[in-house]
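Engineer: Please find the sequence and the predicted model below.
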Amino acid sequence: MRINKMRITVLLSLFFMSSVPALATPWEQIKAPSKQTPQAIGSYANGCLVGGSALPLQGEGYQVLRSQRARYYGHPSAVSFIQRLAELTKHKLNTRLLIGDISLPQGGRFSSGHTSHQTGLDIDIWLRLADSPLSPTDLEQPMPMSVVNLKQYALLKNSWDARHFQLIKMAASDEQVARIFVHPVIKEKLCTTEGELEREWLRKVRPWWGHHYHMHVRLKCPQGSMICKPQAEPPKGDGCGSELVSWKPQPKPAAAKVTAAKPKKKKTKVMPIQCQQLLQDI
């Protein structure tokens, strides 16, 4: 039996068009924040946000990237932190911040990119410094700038700017900040650049893979967010010793072949009841 190729093409097109919305999470279908008193609910990787605020897409010292993804909402404390850091960046570093993902209008899970960023308290700030404003096209489809040679596990000296050190230090010195995640090579550079007297802020800067073109700022649970679940305090010390060395890749001897064990099925996280109620109210 001959099959009509045109018909197959049309059917496939309809299938993919209908399957795209199914990839989005329910949280990505919410278009506006709720009108309740602001609260971050649950944990950074399993929670939601009520009474969130939209970060204006442009302001003094910053621009928002990829606004078409609607990930520029956060707890009001996150919005004020960004604006505060951006003003410092403009006046002290003579440049502007490029703000990546924060959270969805009511927080919750993304379909791609992050498992955290669910409570309006996580902020991605790109390491690409915008000395001149980006055009609308560049903001919609921005090009990241890595400061790490990933293959050689080394800093890209032509990409690293002394202002990167100052920016990360300014952010980490803010009392609201709980942690900042950067690539281990960046942490190493911060450790060797800082002097002996002002190392307390380094404790907040934690090494983590993937963060070679942006820093991930995580804020503390705000006052009034009684159901917000904080992360444990970072280990004591500046984190520049053996802990940092342990991140450096080591050559591995050839391992004997073994039968791969069947991976254990991950348990689905149950969202806080307050978050489940938000979805029911849609």
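Structural biologist: Thanks, I have it.
Engineer: In the stretch 101-250 of the chain, mark out all the strands, start to finish.
Structural biologist: Using DSSP state E, counting those that start in this stretch, the strands of the stretch 101-250 of the chain run over 122-126, 148-149, 154-155, 177-182, 205-207, 214-219.
Engineer: which secondary structure elements does the fourth one contact?
Structural biologist: Using 3 or more Cβ pairs under 8 Å, 6 or more residues apart in numbering; DSSP states H and E, the elements in contact with strand 177-182 are helix 162-172, strand 205-207, strand 214-219. The way it works is simple: take the backbone N, C-alpha and C, and place the C-beta from them, glycine included.
Engineer: residues of the first one that come out buried?
Structural biologist: Just to be clear, that refers to helix 162-172. Across helix 162-172, burial judged by 16 or more other Cβ atoms under 10 Å covers 163, 164, 167, 168, 169, 170, 171, 172.
Engineer: Can you pick out the most distant pair from the residues you listed?
Structural biologist: 163 and 172 (14.7 Å; Cβ to Cβ).
Engineer: Need the CA coordinates for stretch 107-127. CSV is fine.
Structural biologist: Backbone C-alpha positions of stretch 107-127 (Å, rounded to 0.1, in the frame of the first residue of the first chain) are rendered in CSV as follows:
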residue,chain,number,x,y,z
GLY,A,107,7.8,30.0,41.2
GLY,A,108,7.7,26.2,40.8
ARG,A,109,9.4,23.9,38.3
PHE,A,110,10.9,24.8,35.0
SER,A,111,10.7,22.3,32.1
SER,A,112,14.4,22.9,31.4
GLY,A,113,17.5,24.5,32.7
HIS,A,114,17.2,24.3,36.5
THR,A,115,15.9,22.2,39.3
SER,A,116,16.3,25.1,41.7
HIS,A,117,15.0,28.7,41.1
GLN,A,118,11.6,27.6,42.5
THR,A,119,11.1,30.0,45.3
GLY,A,120,12.0,33.4,43.8
LEU,A,121,15.3,33.5,45.7
ASP,A,122,17.8,32.2,43.1
ILE,A,123,19.3,34.6,40.6
ASP,A,124,21.6,33.9,37.6
ILE,A,125,23.9,36.9,36.9
TRP,A,126,26.0,36.5,33.7
LEU,A,127,29.8,37.1,33.8
